[in-house]
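Enquirer: What would the 3D arrangement of this be:
(chains A and B)
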Protein chains: 2
Amino acid sequence: MNAVTASIVTIGDELLIGQTIDTNSAWIAQRMNELGISINRRVAVGDTIAAITQALDEEMKNCDILFLTGGLGPTADDITKPLLCDYFGGTLIVNQDVVTHLHDLFAARKRFITARNLKQAEVPDVCEVLFNKAGTAPGMWFEKNGKVVIALPGVPSEMKHIMSVVALPKIAAQYTTEKLIHKHIFTAGEGESMIADKLEEIESRLPEYIKLAYLPDAGFVRLRLTGKSKQPELLETEITYFQREIVHILGSIVVATDSLPLEFLLIQALEGTGKTISTAESCTGGGIGSAITNVPGSSTFYMGGVVAYSNEVKEHVLGVQKNTIVEYGAVSEQTVTEMAIGIQSQLKTNYAVAVSGVLGPNGGTERVKVGTVWMAFANETNVVTKEFKFHYDRERNKDMAIKNALLNLLRLVQGKLG
Amino acid sequence: MNAVTASIVTIGDELLIGQTIDTNSAWIAQRMNELGISINRRVAVGDTIAAITQALDEEMKNCDILFLTGGLGPTADDITKPLLCDYFGGTLIVNQDVVTHLHDLFAARKRFITARNLKQAEVPDVCEVLFNKAGTAPGMWFEKNGKVVIALPGVPSEMKHIMSVVALPKIAAQYTTEKLIHKHIFTAGEGESMIADKLEEIESRLPEYIKLAYLPDAGFVRLRLTGKSKQPELLETEITYFQREIVHILGSIVVATDSLPLEFLLIQALEGTGKTISTAESCTGGGIGSAITNVPGSSTFYMGGVVAYSNEVKEHVLGVQKNTIVEYGAVSEQTVTEMAIGIQSQLKTNYAVAVSGVLGPNGGTERVKVGTVWMAFANETNVVTKEFKFHYDRERNKDMAIKNALLNLLRLVQGKLG
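Expert: Numbers count the residues shown, from 1 in each chain, chains lettered A, B, ... in the order given. So this is what the prediction gives:
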């Protein structure tokens, strides 16, 4: 059997006017990858019959499995269901299981059910209904000319629920495939070009079924080796060999051999140590704490923190000396040092990070230019400070500040921050 | 002249394996909309010559302007530049302006410049170079058969810089178009179906050049009226009329007539009042503060907050009574009330919000189930509490908690929270 491929078509004007950022496609792509199914293409089209039909026609040629997301809601701008019904030559019929589910759902949420809601129970008689316990619009599974078309609601939680509970097991049962293996190397401290130069020789030795990709992000570079084979054990051995060799060549700039976000690496590093962390954030406004608490189970290690956006909070809650701020400024090595010591002692944690900076677009001065961020990292015996200069807009400067804080916290916990 | 249309092709395996979420497309789409140019389709393809060529061939048929993003970096996985050079029948030549810029950039960042970096200065002789002051890979503008192809680097800050400074003015100069007008109505408190029933009559009266779309998000429903016309003044009048009528029909569930995120609406509402806010966050981990501080100028109104992830922090920093937590639990009306009063008095702010909940997947009990979130909203005379039950995964529960906190803070500032 040849490699199985999939395409994703996302439907909705909101995707074309830039009102919504598509996160569904990335999630579906990850799940397909785990099953060894490659995504060939992703296409976003508007809510018109012509655009959806064109995408269906074209993508059916490009893949074995076609995912459609969006366009299944109860309102008049959703035209996908009748279109699919026509496309596959069916008629809309009422599915009694869905009717019962809708009544139960609305009763549980103490909401009145309308005729419009009940229309969600109408499904084409030529599809298999993918029951949606997480919402009102059922998913649909069509087959035609050996191809599968899977239509899913656009609400991420509902799409994920239907996929996880119903569609993924069905896909796994129907397709046995070549296995895809990804291996990662997460680096910090050198640019893409410099790394590429160091890896030139090893890249020339990679077999054609193993690819190396460079993914720069917030000043870090993630490397990804991707291999494809019908002999997964052999591939695993071979790709792990190359991963190790790259780790060896790159040496101290390697942070992790994992594709996890930094906050997950940080919590992983804390596990089993019995140590705790706290945060004192000015310019990042709580973004570091927010990232850390995205990790389930982070409450064992993260005690909390203070968002010291104003100088009064830096003084009165964190105990920064008024003189320090007057003499050195709120964005200074001295202030972040006192912030880190303040939060560490108040929350009685082993480690602490403090951040203060000017993210822009305004607020810069002659002495402290926009993009300057000071950070302090405290353990039980020492405080290490670092100054960063970011050259981007407010949003990206903040993202870079959060990620660099997490990276250096990770280094601190690993005992590698110096 | 007919309506001008554009397509966006994003290039990169990382988009197909779900490692990267595409935010560039939404940004480009927003900018095109402002110029009255509709995006027909967005396509994501992998780093192969076949896939990129297929997308070029197909999308050149679908649009007047084709944006390509990604695939322009300095490493071996980037094949787009030579491909475009072939596609448009050119040769790669060295651009001396880019060479000079690269030397300056690396000198300023105190980094050593490599031959690989300098390859970025090679551009096809059949394109106009779109100079990239924000990074190393220049953009490129090609024309063929009356169509324009604009190739841009995938790093968002570089793409945005080239677009804003060079490409957008060039597009605006080259195309005069029908005007697109969007009007928004942001509602909270009723579901999509219920709203659709109330708007059925007015929807039937909309002319065919004005569309109404429903965009549910985190328990809110945003409505968008989109009109297209060569007579923008008339369209503006007409679409504003329908917007007002919808606001009138929907009454108290209308929060704003704006497409701005909630944190921007909140800061807008605070402007000119001289009032300040603070946050006490448990389960949201700093996410509310982080959202508020995304707004430039928020430091005038937002003093800061405490991330009270552990009970010790709730007691020792916020002054919640130990008894309150023992008797009622950390996730309770009593605890969030004391948290809100604690942060409000410590940071001396006019308003305060406090949040405590169980987002999952673990941590639920018989009394406090996963998805339960208590919030308290304090002004100078009163504390209003609310209990929420979210039914999703950790990520979405957190997003809903943050957005509902911001919504109710906005209502509080507007004097409409009861």
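Enquirer: For A:Val43, name its beta-bridge partners.
Expert: For A:Val43, the beta-bridge partners are A:Val9, B:Val43 (DSSP bridges).
Enquirer: which residues are contacting the helix or strand containing A:Arg31?
Expert: Applying DSSP states H and E as the criterion places A:Arg31 in helix A:24-34. The list of residues contacting helix A:24-34 from outside it, by CB atoms under 8 Å, 6 or more residues apart in numbering or on different chains, reads A:6, A:8, A:10, A:38-39, A:42, A:65, A:67, A:69, A:154, A:156, A:159-160, A:163, A:168, A:180, A:182, B:15-22, B:44. Bear in mind the C-beta positions are built from the backbone N, C-alpha and C, glycine included.
Enquirer: among those residues, which are in helices?
Expert: A:Pro156, A:Met159, A:Lys160, A:Leu168, B:Leu15, B:Leu16 (DSSP state H).
Enquirer: then the helix holding A:Arg31 to PDB, C-alphas only?
Expert: Output of helix A:24-34 as PDB, limited to C-alpha atoms (Å, rounded to 0.1, in the frame of the first residue of the first chain):
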ATOM      1  CA  ASN A  24      -7.700  23.200  14.000                       C
ATOM      2  CA  SER A  25      -5.500  22.400  11.000                       C
ATOM      3  CA  ALA A  26      -2.400  22.100  13.200                       C
ATOM      4  CA  TRP A  27      -4.200  19.800  15.600                       C
ATOM      5  CA  ILE A  28      -5.500  17.500  12.800                       C
ATOM      6  CA  ALA A  29      -2.100  17.500  11.200                       C
ATOM      7  CA  GLN A  30      -0.500  16.300  14.400                       C
ATOM      8  CA  ARG A  31      -3.000  13.500  14.900                       C
ATOM      9  CA  MET A  32      -2.500  12.400  11.200                       C
ATOM     10  CA  ASN A  33       1.200  12.400  11.700                       C
ATOM     11  CA  GLU A  34       0.900  10.100  14.700                       C
END
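Enquirer: Now do the buried residues in it.
Expert: A:Asn24, A:Ser25, A:Ala26, A:Trp27, A:Ile28, A:Ala29, A:Arg31, A:Met32, A:Asn33 (16 or more other CB atoms under 10 Å in any protein chain shown).
Enquirer: pLDDT of it, averaged?
Expert: What helix A:24-34 shows for mean pLDDT is 89.
Enquirer: where does the stretch 151-300 of chain A come near chain B, residue by residue?
Expert: Contact residues, the stretch 151-300 of chain A versus chain B (CB under 8 Å from any CB of the partner chain): A:155-157, A:160, A:182, A:191-194, A:196-197, A:203, A:211-216, A:222, A:224, A:226, A:259, A:279, A:281, A:283-290, A:292-294, A:296-299.
Enquirer: now, the most widely separated pair of the ones in helices among the contacts of helix A:24-34?
Expert: Pairwise distances across these (CB to CB) peak at 20.7 Å, for the pair A:Leu168 and B:Leu15.
Enquirer: Could you count how many residues lie near A:Leu118?
Expert: 18 (other CB atoms under 10 Å in any protein chain shown).
Enquirer: Confirm A:Glu143 sits in a strand?
Expert: Yes. Checked against DSSP: H, G, I helix; E, B strand; the rest coil, A:Glu143 lies within a strand.
Enquirer: Tell me what it is bridged to.
Expert: Counting by DSSP bridges, the residues bridging with A:Glu143 are A:Val148.
Enquirer: hang on, the earlier thing: I'd like the ones in helices among the contacts of helix A:24-34 laid out as CSV, including neighbour count.
Expert: CSV is the format used below for those (neighbours: other CB atoms under 10 Å in any protein chain shown):
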residue, neighbour count
A:Pro156, 18
A:Met159, 26
A:Lys160, 20
A:Leu168, 16
B:Leu15, 27
B:Leu16, 28
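Enquirer: Tell me which of these has the lowest pLDDT.
Expert: B:Leu15 (81).
Enquirer: ok now do A:Leu347, which residues does it touch?
Expert: A:Leu347 is in contact with A:Thr276, A:Ser278, A:Met303, A:Gly304, A:Gly305, B:Ser310, B:Glu312, B:Val313, B:Val317, counting by CB under 8 Å, 6+ apart.
Enquirer: How about the helix or strand where the fourth one lies and chain B, touching?
Expert: Element membership for A:Gly304, per DSSP H and E: strand A:302-307. Yes. For strand A:302-307, a contact with chain B is found by CB under 8 Å from any CB, at A:Tyr302, A:Met303, A:Gly304, A:Gly305, A:Val306, A:Val307.
Enquirer: A:Leu225 belongs to a strand?
Expert: Yes. Counting by three-state DSSP, A:Leu225 falls inside a strand.
Enquirer: and the residue lying closest to it once chain neighbours are set aside, how far is that from A:Pro216?
Expert: Leaving out its chain neighbours, the residue that sits closest to A:Leu225 by CB to CB, 6 or more residues apart in numbering or on different chains is A:Lys183, at 4.5 Å. Relative to A:Pro216, A:Lys183 is positioned 18 Å away (CB to CB, to the nearest Å).
Enquirer: Can you pick out the residue with more neighbours from these two?
Expert: More crowded of A:Lys183 and A:Pro216, by other CB under 10 Å: A:Lys183, with 23 against 17.
Enquirer: so what's that one up against?
Expert: Contacts of A:Lys183 (CB under 8 Å, 6+ apart): A:Arg224, A:Leu225, A:Gly227, A:Ile239, A:Thr240, A:Phe242, A:Gln243, A:Thr257.
Enquirer: Ok, A:Asn294 next?
Expert: By CB under 8 Å, 6+ apart, A:Asn294 lies in contact with A:Pro261, A:Glu263, B:Gly285, B:Arg394, B:Glu395, B:Lys398.
Enquirer: secondary structure class for it?
Expert: Assigned by three-state DSSP, the conformation of A:Asn294 is coil.
Enquirer: what does the model give it for pLDDT?
Expert: At A:Asn294, pLDDT is 95.
Enquirer: Ok, A:Thr177 next?
Expert: 66.
Enquirer: How about the one 3 residues further on?
Expert: The predicted local distance difference test score for A:Leu180 is 81.
Enquirer: Buried subset of the contacts of A:Asn294, written for PyMOL?
Expert: Restricted to buried positions by 16+ other CB under 10 Å, the PyMOL selection for those reads:
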select buried, (chain A and resi 263) or (chain B and resi 285+394+398)
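Enquirer: Redo the contacts of A:Asn294 as a markdown table? Include distance to B:Ala55, pLDDT and secondary structure.
Expert: Below are the contacts of A:Asn294 laid out as a markdown table (distance: CB to CB, whole Å; pLDDT from 0 to 100; DSSP: H, G, I helix; E, B strand; the rest coil):
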| residue | distance to B:Ala55 | pLDDT | secondary structure |
| --- | --- | --- | --- |
| A:Pro261 | 30 | 91 | coil |
| A:Glu263 | 35 | 96 | helix |
| B:Gly285 | 40 | 97 | coil |
| B:Arg394 | 36 | 90 | helix |
| B:Glu395 | 31 | 88 | helix |
| B:Lys398 | 36 | 95 | helix |
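Enquirer: Narrow the residues of the stretch 151-300 of chain A next to chain B to those that are buried.
Expert: A:155-157, A:160, A:182, A:191-194, A:196-197, A:203, A:211-216, A:222, A:224, A:226, A:259, A:279, A:281, A:283-290, A:292-294, A:298-299.
Enquirer: can you list the residues of strand A:302-307 next to chain B in JSON lines and add neighbour count, pLDDT and distance to A:Leu105?
Expert: Output for the residues of strand A:302-307 next to chain B, formatted as JSON lines (neighbours: other CB atoms under 10 Å in any protein chain shown; pLDDT from 0 to 100; distance: CB to CB, whole Å):
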{"residue": "A:Tyr302", "neighbour count": "27", "pLDDT": "97", "distance to A:Leu105": "35"}
{"residue": "A:Met303", "neighbour count": "26", "pLDDT": "97", "distance to A:Leu105": "39"}
{"residue": "A:Gly304", "neighbour count": "32", "pLDDT": "97", "distance to A:Leu105": "36"}
{"residue": "A:Gly305", "neighbour count": "34", "pLDDT": "96", "distance to A:Leu105": "39"}
{"residue": "A:Val306", "neighbour count": "32", "pLDDT": "97", "distance to A:Leu105": "41"}
{"residue": "A:Val307", "neighbour count": "34", "pLDDT": "97", "distance to A:Leu105": "38"}
